[in-house]
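Participant: Kindly return the folded structure for what I paste below:
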Amino acid sequence: MKILVCISNVPDTTTKITFTGDNTEFNTAGVQYIVNPYDEIALSRAIELAEDGKGTVTVINVGEAATDPTIRKALAIGADDAVRINAAPRDAYFVATQIAEYAKSNEFDIILCGRESIDYNGSQVAAMVGELLDIPSISIIKKLDYDGSTATIEREIEGGKEVVSVTGKFVASCAEGTAEAKIPNMRGIMSARTKPLQVVEAVAVEEVGKISKFETPAPRGSVKLIPAESAEELIGLLHSEAKVI
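Facilitator: So this is what the prediction gives:
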């Protein structure tokens with residue numbers, strides 16, 4: 001069993017987000033990057049499935065050389081080898097195409113990724129990869145079992161859960177609950193230094209969209225505290241200032 005796990009290089013969750021170039025580019029100055037947390041969940045489940053010699057786990061990232069430390073962390077967590085498609089990930093279609101092209105020439109039984117990346121929150125790549133490879137794609141899964149040929153997958157739906165059975169190759173995007181994210185130990189960190197990291201040049205992809213501008217949320221307004229016994233004052237403010245009644 002060969003599993004391919006797609007990982008994104010994203011800003012740490014504590015990063016203060018700013019933009020440059022008239023709000024057209026993310027300001028990377030001083031930003032710490034991490035493995036996308038949802039992708040870590042996917043990687044952890046892949047490692048569990050491949051335990052005891054049942055298979056191998058390859059991680060793939062579309063990014064430039066600056067993403068290598070993030071890829072090495074994925075190797076430290078437990079992936080067997082890694083591939084970096086040498087290109088800036090300009091949009092979801094570009095990323096999905098690069099992953100699909102690599103997967104076409106390197107047979108994989110399962111392709112996993114996170115439900116979304118925490119920077120753009122697009123939730124697009126898994127479905128696009130499935131479409132480009134003409135294999136089933138199951139989005140936002142909560143549980144994955146695999147017997148070597150058939151996968152049993154659970155998804156949350158309105159008011160309950162959906163159980164899906166898939167035979168053959170498939171793509172799935174993982175959400176919380178699929179697995180517990182693993183923390184690399186010292187042995188994993190040391191072995192990650194020598195695990196294979198292959199760099200592959202990107203294929204040409206037509207540009208189908210472009211971000212024209214970023215905007216940050218409006219700053220929070222001031223808070224007024226009204227004593228509990230001043231109900232009339234509160235009602236007056238909700239009517240005259242907040243205009244919600």
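
Participant: Grab the nearest non-local neighbour of residue 116.
Facilitator: Leaving aside its sequence neighbours, residue 116 sits nearest to residue 123 (CB to CB, 6 or more residues apart in numbering; 4.3 Å). Using the backbone N, CA and C atoms, a C-beta is placed for each residue, glycine as well.

Participant: check which helix or strand covers the one you found.
Facilitator: Residue 123 belongs to no helix or strand when elements are defined using DSSP states H and E.

Participant: how about it, what does it touch?
Facilitator: Contact analysis of residue 123 by CB atoms under 8 Å, 6 or more residues apart in numbering lists 115, 116, 139, 140, 173.

Participant: Strand partners (parallel or antiparallel) of the lowest-mean-pLDDT helix or strand in the chain?
Facilitator: Within the chain, no helix or strand scores below strand 25-26, which has a mean of 84 by mean pLDDT, DSSP states H and E. Strand pairing for strand 25-26, using DSSP bridges, gives strand 19-20 (antiparallel).

Participant: avg pLDDT for the partner strand?
Facilitator: Strand 19-20 carries an average pLDDT of 88.

Participant: For residue 141, name its beta-bridge partners.
Facilitator: Bridge pairing for residue 141 - DSSP bridges - gives residue 155, residue 174.

Participant: With the one 10 residues further on instead?
Facilitator: Taking DSSP bridges as the rule, residue 151 bridges to residue 146, residue 166.

Participant: Could you measure from it over to residue 175?
Facilitator: 16 Å (CB to CB, to the nearest Å).

Participant: other SSEs contacting the helix or strand containing residue 82?
Facilitator: Using DSSP H and E, residue 82 maps to strand 81-86. The contact analysis (3 or more CB pairs under 8 Å, 6 or more residues apart in numbering; DSSP states H and E) places strand 81-86 against strand 56-63, helix 68-77, helix 92-105, strand 197-201.

Participant: Determine which stretch of the ones you listed is the most buried.
Facilitator: strand 56-63 (a mean of 24; mean count of other CB atoms under 10 Å).

Participant: pLDDT averaged over that strand, what's the number?
Facilitator: On average, strand 56-63 scores 97.

Participant: following the least confident helix or strand of the chain, which helix or strand comes up?
Facilitator: Downstream of strand 25-26 (by DSSP H and E), the next one is strand 33-35.

Participant: helices or strands up against the following helix or strand past that following strand?
Facilitator: Remark: after strand 33-35, the chain's next helix or strand is helix 37-49, criterion DSSP H and E. If you count contacts as 3+ CB pairs under 8 Å, 6+ apart, helix 37-49 packs onto strand 2-6, strand 56-63, helix 68-77, strand 110-114, strand 137-146, strand 170-174.

Participant: Helix 37-49 versus strand 170-174: what angle between them?
Facilitator: Between helix 37-49 and strand 170-174, the angle comes out at 120 degrees (axes from the mean of the first three to the mean of the last three CA atoms, to 10 degrees).

Participant: Name the residues of helix 37-49 that come out as buried.
Facilitator: 38, 39, 40, 41, 42, 43, 44, 45, 46, 47, 48, 49 (16 or more other CB atoms under 10 Å).

Participant: how near is the second one to residue 126?
Facilitator: Using CB to CB, residue 39 is found at 11 Å from residue 126.

Participant: same question, the fourth one
Facilitator: With distances taken as CB to CB, residue 41 is found 13 Å from residue 126.

Participant: which ones are touching the closest residue to residue 73 other than its chain neighbours?
Facilitator: Leaving aside its chain neighbours, residue 73 sits nearest to residue 35 (5.6 Å; criterion: CB to CB, 6+ apart). Contact analysis of residue 35 by CB under 8 Å, 6+ apart lists 7, 8, 9, 10, 43, 70, 73, 74, 77.

Participant: could you dump those residues to TSV with distance to residue 206?
Facilitator: Formatted as TSV, the contacts of residue 35 follow (distance: CB to CB, whole Å):
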residue	distance to residue 206
7	25
8	22
9	24
10	25
43	30
70	27
73	32
74	29
77	34
